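Novice: My questions concern the predicted model and sequence given below.
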Amino acid sequence: MALVIGLTGGIASGKSTVSNLLKKMGIVVIDADIIARDVVEIGREAYYQIIEAFGPDILLPDKAIDRVKLGSIVFRDEKKRRLLNGIVHPAVRRQMLREKDNWITEGETVIIMDIPLLFESKLTSIVDRTLLVYVDADKQLTRLMARNNFNQEAAEARINSQMPLIDKISLADAVIYNNGTVEETKKQIEEILKKWDISI
Ligand SMILES: CC(C)(COP(=O)(O)OP(=O)(O)OC[C@H]1O[C@@H](n2cnc3c(N)ncnc32)[C@H](O)[C@@H]1O)[C@@H](O)C(=O)NCCC(=O)NCCS
Ligand SMILES: Nc1ncnc2c1ncn2[C@@H]1O[C@H](COP(=O)(O)OP(=O)(O)OP(=O)(O)O)[C@@H](O)[C@H]1O
């Protein structure tokens, strides 16, 4: 039996930092953000649905979806965000489940599913345990602004489109506090894996 762990957090809370550390330890990670990009590639079903819903102006000259433009629409408008989620999320969910099944068939015993909206999208039923990457609100904002070169308004729009990170703490089976150094975060990961009897 494989153990499937849902890794979640908030935007720029440190999920990729944690998943990279887990990958280095040899653990398989399925990344919802990567799959969400894949399912809207030119020619895919969700690609046409997005054009239908948001109009052809949402395309770049090379016909790919303009992610910057789409982001500036959906992170300011909840209705539009729900519309996009309704198109993209079912396709992401299907592909994630397929990849999970493939890894299980290949004999993997521990699989991480990195899903930013695990709690918001009520996807906890597809994982056995949940692991939250938490960071204080002020650090989340400054890290997001620095990483994406966002102004405060754009960064806050994204943060506010998610469940407050602090509310996710009580929903998670374990929490990694990513306020300190990456080394401190690594130690916490090792402790949780030990507590969960996962040998690496
Ligand atoms: C709006 C889009 C085009 C913006 O693309 P962009 O390249 O700027 O951002 P990227 O996809 O890398 O997402 C970065 C982070 O934003 C946050 N985020 C993305 N989509 C959403 C959403 N619908 N609601 C809340 N937060 C979101 C997540 O924390 C994610 O890790 C894109 O995020 C998208 O298609 N979102 C809908 C699909 C989705 O929910 N993806 C998240 C995981 S399934
Ligand atoms: N412990 C840390 N110390 C300093 N910087 C960090 C730490 N953890 C993450 N960061 C930085 O904060 C930013 C956000 O981290 P990361 O990309 O891992 O978050 P994420 O949760 O995967 O974000 P998203 O969901 O938005 O893709 C990155 O620039 C990363 O280098």
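Specialist: Now that the structure is in, tell me what you want to look at. Ligands and ions are numbered 1, 2, ... in the order given.
Novice: can you give me the helices for the protein?
Specialist: 15-24, 32-38, 45-54, 67-74, 78-105, 137-148, 152-159, 165-168, 182-195 (DSSP state H).
Novice: ok, and the closest non-adjacent residue to N178?
Specialist: G14 (3.8 Å; CB to CB, 6 or more residues apart in numbering). (Each C-beta comes from the backbone N, C-alpha and C, glycine too.)
Novice: about what we covered before: can you redo the helices of the chain as CSV, where the extra columns are distance to ligand 2, mean pLDDT and mean neighbour count?
Specialist: Shown next, in CSV, are those (distance: least, CB to the nearest ligand atom, whole Å; pLDDT from 0 to 100; neighbours: other CB atoms under 10 Å):
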stretch, distance to ligand 2, mean pLDDT, mean neighbour count
helix 15-24, 3, 97, 18
helix 32-38, 6, 98, 17
helix 45-54, 20, 98, 16
helix 67-74, 12, 96, 14
helix 78-105, 14, 97, 15
helix 137-148, 4, 98, 15
helix 152-159, 8, 97, 16
helix 165-168, 10, 97, 16
helix 182-195, 5, 98, 14
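Novice: Which of those helices sits closest to M1?
Specialist: helix 78-105 (8.9 Å; CB to CB).
Novice: tilt between that closest one and helix 45-54?
Specialist: 180 degrees (axes from the mean of the first three to the mean of the last three CA atoms, to 10 degrees).
Novice: Wondering if helix 78-105 reaches ligand 1 at all.
Specialist: Yes: residues of helix 78-105 contacting ligand 1 under CB under 6 Å from any ligand atom: 81, 84-85, 88, 92.
Novice: Kindly report the same for stretch 153-165.
Specialist: Yes: contact of stretch 153-165 with ligand 1 (CB under 6 Å from any ligand atom) involves 158, 161-162.
Novice: who's in contact with the spatially most central residue of the chain?
Specialist: Nearest to the mean C-alpha position of the chain, counting by CA atoms, centre = their mean, stands P116 at 2.7 Å. Listed by CB atoms under 8 Å, 6 or more residues apart in numbering, the contact set of P116 reads 8-11, 15, 32-33, 162.
Novice: Return the set of residues that bridge with V4.
Specialist: Bridge pairing for V4 (DSSP bridges) gives the partners I111.
Novice: distance of it from R93?
Specialist: Plainly put, V4 is 14 Å away from R93 if you go by CB to CB, to the nearest Å.
Novice: okay, and the common contacts of those two?
Specialist: I126.
Novice: List the residues that contact F75.
Specialist: 81, 154, 157-158, 161.
Novice: Do you know the pLDDT at the residue lying farthest from the centre of the chain?
Specialist: Seen from the C-alpha centroid of the chain, the residue lying at the greatest distance (CA atoms, centre = their mean) is P61, 28.0 Å away. P61 is assigned 98 on the pLDDT scale.
Novice: measure it to ligand 1 for me?
Specialist: From P61 across to ligand 1, the span is 17 Å (CB to the nearest ligand atom, to the nearest Å).
Novice: In contact with that residue, which residues?
Specialist: By CB under 8 Å, 6+ apart, the contact set of P61 is empty.
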